[in-house]
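Chemist: Coordinates only, no sequence provided:
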């Protein structure tokens, strides 16, 4: 489930299903955070059943998401490379956090 | 790779220190240098100032080194080890007030992105902030 939409001129928002069998546990959280840090954009994530957006570059907060398998993860970014950031993070989650990324 | 903050793990137990270092390497990757020490020179539980100094020097990076410790003596001996470093290195080592395993993984994740020592320490200490 890949979909990118422009909420307004600056916000890039995407949503992707978490297919990892254990949900968002420690290793996926580290991978997501490391990838998010490669972008200049301000990036937030939330589990779709949650109200609060959290900083995707904070590994402690991403681990604390406790998003379960098959939940939908929403990713939002603002800034010059926001579109690339959302796409890269959605790809990472959709591909189930493969080892040996860039 | 010397453009990321190095991580040192100091536990009373060599097994815990090594296991924590293994977790960091496997979860975060190889772009961050991780060194560890634990136990006294006789193979018992404890921490040792000269072993800590060696570990800091092994993990050395121009961006500095973050030290994660477990209980009491690990912290005081780590602070003593920092005082005994070459003067130009002392200001580039931070002993973090954080749980050893979680703090090491968080600190290394932050370090992998090229963050400064202050940022790495702050992220590790986020866990004990509230």
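Modeler: Structure received. On a predicted model such as this, the values are computed, not experimentally measured, just so you know.

Chemist: what are the ranges of the helices in chain A?
Modeler: A:26-36, A:59-63, A:82-94 (DSSP state H).

Chemist: weakest of these in terms of mean pLDDT?
Modeler: Per-stretch mean pLDDT for those is lowest at helix A:59-63 (a mean of 89).

Chemist: what's around the closest residue to chain A within chain B, how many residues?
Modeler: Going by Cβ to the nearest Cβ, chain A is nearest to residue B:113 of chain B, at 3.5 Å. (Each C-beta comes from the backbone N, C-alpha and C, glycine too.) If you count neighbours by other Cβ atoms under 10 Å in any protein chain shown, residue B:113 ends up with 20.

Chemist: follow-up on the earlier one: dump the helices of chain A to JSON lines, plus mean neighbour count.
Modeler: Below are the helices of chain A laid out as JSON lines (neighbours: other Cβ atoms under 10 Å in any protein chain shown):
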{"stretch": "helix A:26-36", "mean neighbour count": "23"}
{"stretch": "helix A:59-63", "mean neighbour count": "23"}
{"stretch": "helix A:82-94", "mean neighbour count": "20"}
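
Chemist: and those helices as a markdown table, adding distance to chain B?
Modeler: Converted to a markdown table, the helices of chain A look like this (distance: least, Cβ to the nearest Cβ, whole Å):
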| stretch | distance to chain B |
| --- | --- |
| helix A:26-36 | 5 |
| helix A:59-63 | 4 |
| helix A:82-94 | 13 |
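
Chemist: distance between stretch A:48-56 and the chain's centre?
Modeler: 10 Å (Cα atoms, centre = their mean, to the nearest Å).

Chemist: buried ones in stretch B:26-42?
Modeler: B:27, B:28, B:29, B:32, B:33, B:34, B:35, B:36, B:37, B:38, B:39 (16 or more other Cβ atoms under 10 Å in any protein chain shown).

Chemist: quick one: the first one from residue A:34, how far?
Modeler: Translated: residue B:27. Per Cβ to Cβ, to the nearest Å, residue B:27 is found 10 Å from residue A:34.

Chemist: Now for the two: what residues contact both?
Modeler: Common neighbours of residue B:27 and residue A:34, counting by Cβ atoms under 8 Å, 6 or more residues apart in numbering or on different chains, are residue B:109.

Chemist: which one's the longest helix in chain B?
Modeler: Per DSSP H, chain B has its longest helix at helix B:14-28.

Chemist: which residues of chain B fall in strands?
Modeler: B:6-11, B:34-38, B:65-69, B:93-96 (DSSP state E).

Chemist: Same list, the ones you listed, but as a markdown table with mean pLDDT and distance to chain A please.
Modeler: Below are the strands of chain B laid out as a markdown table (pLDDT from 0 to 100; distance: least, Cβ to the nearest Cβ, whole Å):
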| stretch | mean pLDDT | distance to chain A |
| --- | --- | --- |
| strand B:6-11 | 98 | 14 |
| strand B:34-38 | 97 | 14 |
| strand B:65-69 | 98 | 14 |
| strand B:93-96 | 98 | 13 |
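
Chemist: coming back round to it: among the buried residues of stretch B:26-42, which one sits closest to residue B:121?
Modeler: For those, the minimum distance to residue B:121 (Cβ to Cβ) is 14.3 Å, reached by residue B:32.
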